[in-house]
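J.: fold the following, please.
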Amino acid sequence: MTAEQATAALEAPVLAWLTRELGSRVETVTGTAPTSARVRLEALNLWPGLTPAGNGFSDLREQISGPLGMLMAMVSILQLIACANTANLLLARTMSKQREFATRRALGAGQWRLMRQLIVESSLLAALGGTVGILLSVWATKALVAFISVGQAPIVLDLSPNLHVLAFTMSVSVLTGILFGIAPAMRATGLRLTVPPQGAAGVAGRRRGIGPDRLLVVVQIALSLVLLIGAGLFTGSLAALNDRDTGFIREQVLIARIEPQGSNQRYRAPQNVQRLDRLYRDLLDRVRALPRIRSVSLAQFTPTNHTGLERQVKTPEGAMVDLHIPMIYPGYFQTMGIQIVSGRDLQARDLNADSPLVAIVNETFARQFYPGESPVGRPCLVNVSPSDRPCEIVGMVRDSAYADFTGEVVATIYQAFLQTAGNRGQMALHVRVAGDPSSMIPAIRNEIVLTDPSVPQLEVRTLADEIAGVTMRERLLATLTGGFGAVALLIASVGIYGLLAFAVVRRTAEIGVRVALGARRADIIWLVLREALVLVATGVAVGLGVGAALARVAGNQIAGLLYGLDAFDLPTMTFSVLVLVLVGTIAAYIPARRASTIDPMVALRVE
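T.: Numbering: from 1, shown residues only. Got it, this is the predicted structure:
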């Protein structure tokens, strides 16, 4: 059958299962009656949908498809910068051969013949560059996959260049070589038949206005500023994310996910729940007895992957807020380094199913349900148990970030394993180790096997690796955009240097006359630097305008990838402008200094 037919065949059993599992609560969960719940169920990811097996289910595709599209746009901008720079260098090279081309035209060579020679040269350069790029990509793609594979699970991607990639790369290389070689070729071959005298180049070197060479440099500077601003935004976002106070420690903590048989059965099987509790307590005792173990506990979630009962509840003021009710064991807050603000931690006496219902809340819960007062000793105000027994808050802990590191902390009620109303499901062993935590992974795996050989060997990782996996998108963007920005800055500085160096050569006679008439060395340096600063200022003005337009058009997409910053972050823009001006000044100072050392006698002797 087709995918549509298979999906339709699954709809009725899925809805029947939801109705059976949720009973009368199906309308509460779906927000609609069972017969018209499809839209809401699709939003909750509870409606059947088929995916081609060749692609499979991939969180990675959803996570980085948007950033990769943005990176591709930045690569295109970087390519434009490189092409503009290459066109400028070709233009300078062909202008230095004016006498040769004028002579050849005078001897009968046609314009197309001369253009064809120059276009072939530029196409050859582009093809060689594309070939080198393909060779580098074999190494670079492997390095990229290794870079993004840090975290919860290794990422398997085959990014080796195939025929499609090779054909695309070579086509783009040759096409850009032709397109950006035409303008210099047309300018160089569209000369008058009069052969310029030996010294004419020096006199004609001084022009007013912005010619094609200066215009290309301005374009390079403007586009480089756009990339620098993008690199600054994503780098600053990653720094802000890394500096965020998560409320827990990242070092010396190991996470081991375990899922014993029967752990997915609901709380209505008390014998199974008691068996799981005995298994978990035995595992905690075994791991606690290992050397270098400072603290150990179990929780239903990890800081990077929240699971557990989630609800939308109404605060005393009538506002609807999200609420998480995870299961934990005593010692969780000590293991994670989460500070207990007031009250106490869970204790062994709280682990029994018939013990008084107690809970520990975070600061967000306290602000929303008990504003301006301590929640310790007060009722939970939320039904957190399958029974109607009252629940008392015995402690309050600091807010801690989990699941969505860039989002807001939600109200949380921590409860003991046997006292919660939700499914048991997978649990996560949290182990705080003295020293290097990764060295304890084999010992912890062994204790899991000794506790219950049927428990599958799921992920055992350091918490630092878990968080690195969660922030993979931000690291990818910050690293690659930073690299693109650095390359763009280098190319732009080479463009400024090349333009001014060529201008100095063409104005050798003029500079010699100025020196002979009494111009000081500082005057000559300022003469060249002033021209560079005008180009940089023009490029910065254009770049800021382009950057503001891009931020306005793609503001939502950019804002969704930033943490603690917006697309119009003034400090980032200011810093990018200062860096560009500094690098442009340094690039211009070298030919300026060379110009200041010109001997007027040598310069005039050339004439």
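J.: hey, where'd the strands end up in the stretch 351-500 of the chain?
T.: For the stretch 351-500 of the chain, the strands defined by DSSP state E, counting those that start in this stretch cover 357-362, 391-397, 411-416, 427-433, 460-462.
J.: so what touches the first one?
T.: Contacting residues not belonging to strand 357-362 are listed as 333, 340, 343, 345-346, 350, 369, 375, 380, 384-385, 389-400, 409, 411-416, 419 [Cβ atoms under 8 Å, 6 or more residues apart in numbering]. Backbone N, C-alpha and C define where each C-beta goes, glycine included.
J.: if we go to 7 Å?
T.: Outside strand 357-362, the residues within contact range by Cβ atoms under 7 Å, 6 or more residues apart in numbering are 346, 350, 375, 380, 384-385, 389-397, 399, 411-415, 419.
J.: mind checking which of these are buried?
T.: Buried members of the contacts of strand 357-362, scored by 16 or more other Cβ atoms under 10 Å, are 346, 350, 375, 380, 384-385, 391, 393-397, 399, 411-415, 419.
J.: before we move on, back to that, and the strands of the stretch 351-500 of the chain as JSON lines, adding mean pLDDT and distance to Pro260?
T.: Shown next, in JSON lines, are the strands of the stretch 351-500 of the chain (pLDDT from 0 to 100; distance: least, Cβ to Cβ, whole Å):
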{"stretch": "strand 357-362", "mean pLDDT": "89", "distance to Pro260": "25"}
{"stretch": "strand 391-397", "mean pLDDT": "90", "distance to Pro260": "27"}
{"stretch": "strand 411-416", "mean pLDDT": "87", "distance to Pro260": "18"}
{"stretch": "strand 427-433", "mean pLDDT": "90", "distance to Pro260": "8"}
{"stretch": "strand 460-462", "mean pLDDT": "84", "distance to Pro260": "15"}
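J.: figure out which of those strands is closest to Trp112.
T.: Of all the strands of the stretch 351-500 of the chain, strand 460-462 sits nearest to Trp112, with 65.0 Å by Cβ to Cβ.
J.: neighbouring strands of the closest one in the sheet, and parallel or not?
T.: According to DSSP bridges, strand 460-462 forms sheet pairs with strand 253-258 (antiparallel).
J.: the partner strand versus strand 427-433: what angle between them?
T.: Relative orientation of strand 253-258 and strand 427-433, computed by axes from the mean of the first three to the mean of the last three Cα atoms, to 10 degrees: 150 degrees.
J.: pLDDT on strand 253-258, on average?
T.: For strand 253-258, the mean per-residue pLDDT is 88.
J.: ok now that strand, how far from the chain's centre?
T.: Strand 253-258 sits 26 Å away from the centroid of its parent chain (Cα atoms, centre = their mean, to the nearest Å).
J.: what comes up buried for it?
T.: Of the residues in strand 253-258, those buried (16+ other Cβ under 10 Å) are 253-258.
J.: cool, and stretch 441-457?
T.: Under 16+ other Cβ under 10 Å, the buried positions of stretch 441-457 are 441, 443-444, 447-448, 451, 455.
J.: now render these as a markdown table, adding pLDDT and distance to Gly177.
T.: Putting the buried residues of stretch 441-457 into a markdown table (pLDDT from 0 to 100; distance: Cβ to Cβ, whole Å) gives the following:
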| residue | pLDDT | distance to Gly177 |
| --- | --- | --- |
| Ile441 | 88 | 53 |
| Ala443 | 90 | 60 |
| Ile444 | 90 | 58 |
| Glu447 | 90 | 63 |
| Ile448 | 89 | 60 |
| Thr451 | 89 | 66 |
| Val455 | 81 | 61 |
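J.: those in helices, which ones?
T.: Counting by DSSP state H, these place 441, 443-444, 447-448, 451 in helices.
J.: ok, those residues vs Phe484, which is closest?
T.: Ile441 (36.9 Å).
J.: report the contact partners of the residue lying closest to that closest one once chain neighbours are set aside.
T.: Closest residue in space to Ile441, ignoring its immediate chain neighbours: Val460 at 5.0 Å, by Cβ to Cβ, 6 or more residues apart in numbering. Val460 sits next to 254, 256, 441, 444-445 when contact means Cβ under 7 Å, 6+ apart.
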